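>>> coords please:
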Amino acid sequence: MASAQARTSAHAGSRTATAERSYERPTRPTRRLIPRHRWRRATSRALLRPQAGPRHPTGSLPGVPAYLDHAASTPMRPEAIEAMLPWLTERHANPSGAHRLARDARRALDDAREVMACALGAAPGEIVFTSGGTEADNLAVLGTADRHGGVLVCAATEHHAVLEPVEGRGGRVVRVRADGVIDLDALTEALDDDVTLVSVMLANNEVGTVQPIAAIADLVRDRAPAAVLHTDAVQALSWLDVATLAAPVDLISVSAHKFGGPKGVGALVVRDRATLAARQIGGGQERERRGGTQNVAGIVAMATAAAAAVEQRPATVERIGARRDRLVDGLLAAVPDLIETGRPDRDLPDRDLTDRDLGAVVDRSGRIAGTGHLCIPGIESEALLFLLEEREVYASAGSSCSSGAMEPSHVLAAMGIARQLAFGSLRLSLGWSSTDAEVDLALEVLPPAIERLRRFAEPTQPTTASTTAPISGGV
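Predicted coordinates for the structure are as follows:
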């Protein structure tokens with residue numbers, strides 16, 4: 001009995017000690033002041049500074065020999081994970097609260113807002129945190145429509161988060177050229193005094209085409225002076241100087257998981273010229289532009305990833321661009337009749353181009369460094385992706401947001417790619433962690449997989465772009 005009482009007493013004492021420890025006051029994070037005009041100082045704070053931590057020895061995703069779907073989602077950067085963890089554990093307060101722990105969380109949001117503002121060329125007060133790129137796009141397009149009415153305009157190759165709201169409100173969809181660049185003459189015709197918003201993405205999520213935002217902004221200011229200009233920059237931050245290229249833009253959307261941050265968090269730049277009706281109300285957060293408790297952990301991680309992406313961008317573009325070129329050039333050399341998407345055939349009327357020629361004349365300087373897009377006559381991409389997965393090569397046929405659809409990509413349709421050819425599309429997208437070993441494996445696996453599928457293809461299946469009429473898109 002005495003022994004049992006002693007064990008009970010010891011157990012109770014242990015629980016008491018544990019309870020006392022669990023309610024110890026957390027150490028207050030150090031406050032670091034950040035000059036608003038200095039990017040390096042903004043990104044050197046301990047909260048967002050890259051931390052020493054486990055890194056993959058080769059830089060590739062562990063256990064995944066060839067991950068070539070970075071346009072769908074990138075692996076998180078180690079420094080973003082390190083910055084995120086404290087806000088998932090001991091620093092758990094609501095930033096809208098009044099006590100000290102809440103104020104600490106609010107300061108973390110302010111610090112992250114500062115970094116995102118530097119990365120995007122905005123003022124901190126112009127940053128609105130969202131749940132990702134889709135919400136940011138919806139808030140820009142529908143928030144403008146709800147506040148001002150009028151006519152919405154977008155390019156035919158926009159992400160569905162822009163295209164569907166524009167079409168749903170009876171807006172105007174503008175055609176693009178065969179290389180995916182918006183037709184500026186068609187845009188001119190679509191603009192008038194009734195237009196309240198024009199949306200053209202900075203870099204396309206499927207084929208990587210970069211749009212001439214400065215020329216577009218000039219047209220909008222001249223032809224529709226009351227309109228605001230929005231750009232979906234979700235695919236751009238790792239590859240392009242968004243702060244400079246999107247300087248004339250009023251609304252800019254980004255999403256963290258495209259540049260090494262977590263899923264479920266993004267941001268929208270809302271410049272003073274743009275006024276929106278909130279789509280999510282209650283609570284008054286984000287200056288009453290987006291109600292709801294902010295995802296502090298995700299936002300801190302996003303800012304850390306953005307800082308790393310911006311600092312490392314020149315080296316990343318050079319390194320990954322060379323690997324993308326080696327991958328695509330190797331496939332073009334190894335696979336007969338392979339076509340690199342983005343062919344400028346409409347711009348070369350004096351040449352009688354074969355499909356092989358069309359692939360050869362693609363100018364990759366007009367697309368982001370991480371994306372390669374191919375059309376493979378004689379196969380369907382669904383079967384190819386299955387064979388690639390068996391050899392642990394992971395790619396996609398297009399946007400993950402529309403995966404599973406039986407219809408070919410609306411982006412390829414807008415670019416004039418033949419329907420049957422579009423069914424054989426393949427997007428190979430690299431990112432900050434992509435390695436030469438992944439490229440080597442893809443070059444080893446893809447050519448025999450394509451040959452195998454072609455061997456079993458229907459003999460009546462068209463194998464060239466010229467045998468099937470293209471699907472047109474836009475006005």
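
>>> residue boundaries of the helices in the stretch 151-300 of the chain?
With DSSP state H, counting those that start in this stretch as the criterion, the stretch 151-300 of the chain has helices at 160-168, 184-190, 213-223, 242-245, 285-288, 296-334.

>>> A108: which of those helices is closest?
helix 296-334 (5.5 Å; C-beta to C-beta). Every residue, glycine included, has its C-beta placed from N, CA and C.

>>> Check which element follows that closest one along the chain.
As assigned by DSSP states H and E, the chain's next helix or strand after helix 296-334 is strand 339-340.

>>> Partner strands of that next one, with direction?
If you go by DSSP bridges, strand 339-340 pairs up with strand 371-375 (antiparallel).

>>> report the angle between the axes of the partner strand and helix 296-334?
If you take axes from the mean of the first three to the mean of the last three C-alpha atoms, to 10 degrees, strand 371-375 sits at 50 degrees to helix 296-334.

>>> Can you tell me what sits against strand 371-375?
Applying C-beta atoms under 8 Å, 6 or more residues apart in numbering, the contact partners of strand 371-375 are 71, 206-208, 235, 324, 327-328, 331, 338-342, 412, 417, 421-422, 424-430, 465.

>>> Whichever helix or strand comes after that strand packs against which elements?
Downstream of strand 371-375, the next assigned helix or strand under DSSP H and E is helix 381-390. If you count contacts as 3 or more C-beta pairs under 8 Å, 6 or more residues apart in numbering; DSSP states H and E, helix 381-390 packs onto strand 425-429, helix 436-455.

>>> between helix 381-390 and helix 436-455, how many degrees?
Compare the direction of helix 381-390 with that of helix 436-455 by the same axes, to 10 degrees and you get 130 degrees.

>>> Report the buried residues of helix 381-390.
For helix 381-390, burial by neighbour count (16 or more other C-beta atoms under 10 Å) applies to 381, 384-385, 387-388.

>>> do stretch 113-126 as well
Those would be 113-122, 124, 126, for stretch 113-126 by 16+ other C-beta under 10 Å.

>>> need those residues in TSV with distance to V141 and secondary structure, can you?
Converted to TSV, the buried residues of stretch 113-126 look like this (distance: C-beta to C-beta, whole Å; DSSP: H, G, I helix; E, B strand; the rest coil):
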residue	distance to V141	secondary structure
R113	23	helix
E114	27	helix
V115	26	helix
M116	21	helix
A117	22	helix
C118	26	helix
A119	22	helix
L120	18	helix
G121	21	coil
A122	19	coil
P124	24	helix
E126	18	helix
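
>>> Closest to R103 out of these?
Nearest to R103 among these, with distances taken as C-beta to C-beta, is R113, at 15.1 Å.

>>> Per-residue pLDDT of the closest one, please?
What the model reports for R113 is a pLDDT of 98.

>>> what's the answer for G398, then?
Looking at G398, its pLDDT reads 73.

>>> same check, this time on the one 3 residues further on
In the prediction, the pLDDT value recorded for C401 is 48.

>>> Then R452?
pLDDT, R452: 96.

>>> buried ones in stretch 445-460?
Going by neighbour count (16+ other C-beta under 10 Å), the buried part of stretch 445-460 is 445-447, 449-450, 453-454, 457.

>>> I meant to write stretch 265-281 there.
265-270, 274, 276, 278-280.

>>> low-scoring pLDDT stretches of the stretch 251-400 of the chain, where are they?
343-362, 399-400 (pLDDT under 70).

>>> before we move on, what about the stretch 1-150 of the chain?
Across the stretch 1-150 of the chain, the ranges flagged by pLDDT under 70 are 1-64.

>>> Repeat the analysis, applying 90 as the threshold.
Residues of the stretch 1-150 of the chain that meet the criterion pLDDT under 90 lie in 1-65.

>>> What are the boundaries of the strands in it?
66-67, 127-130 (DSSP state E, counting those that start in this stretch).

>>> Mind checking these for the one nearest to D104?
Closest among the strands of the stretch 1-150 of the chain, using C-beta to C-beta: strand 127-130, at 17.2 Å.

>>> For that closest one, enumerate the helices and strands it packs against.
Counting by 3+ C-beta pairs under 8 Å, 6+ apart, strand 127-130 packs on helix 100-120, helix 133-148, strand 266-270, helix 285-288.

>>> Who are the packing partners of the longest one?
In terms of contacts (3+ C-beta pairs under 8 Å, 6+ apart), helix 100-120 is packed against helix 39-43, strand 127-130, helix 242-245, strand 251-255, strand 266-270, helix 296-334.

>>> Would you format those as a markdown table with distance to L163 included?
Listed next are the helices and strands packed on helix 100-120 as a markdown table, based on distance: least, C-beta to C-beta, whole Å:
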| stretch | distance to L163 |
| --- | --- |
| helix 39-43 | 34 |
| strand 127-130 | 18 |
| helix 242-245 | 21 |
| strand 251-255 | 13 |
| strand 266-270 | 17 |
| helix 296-334 | 25 |
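
>>> Can you say which of the ones you listed is packed in most?
A comparison of the helices and strands packed on helix 100-120 by mean neighbour count, using mean count of other C-beta atoms under 10 Å, puts strand 251-255 on top with a mean of 30.

>>> which ones are touching L268?
Counting by C-beta under 8 Å, 6+ apart, L268 has contacts 127-128, 130, 136, 139-140, 251-254, 290.
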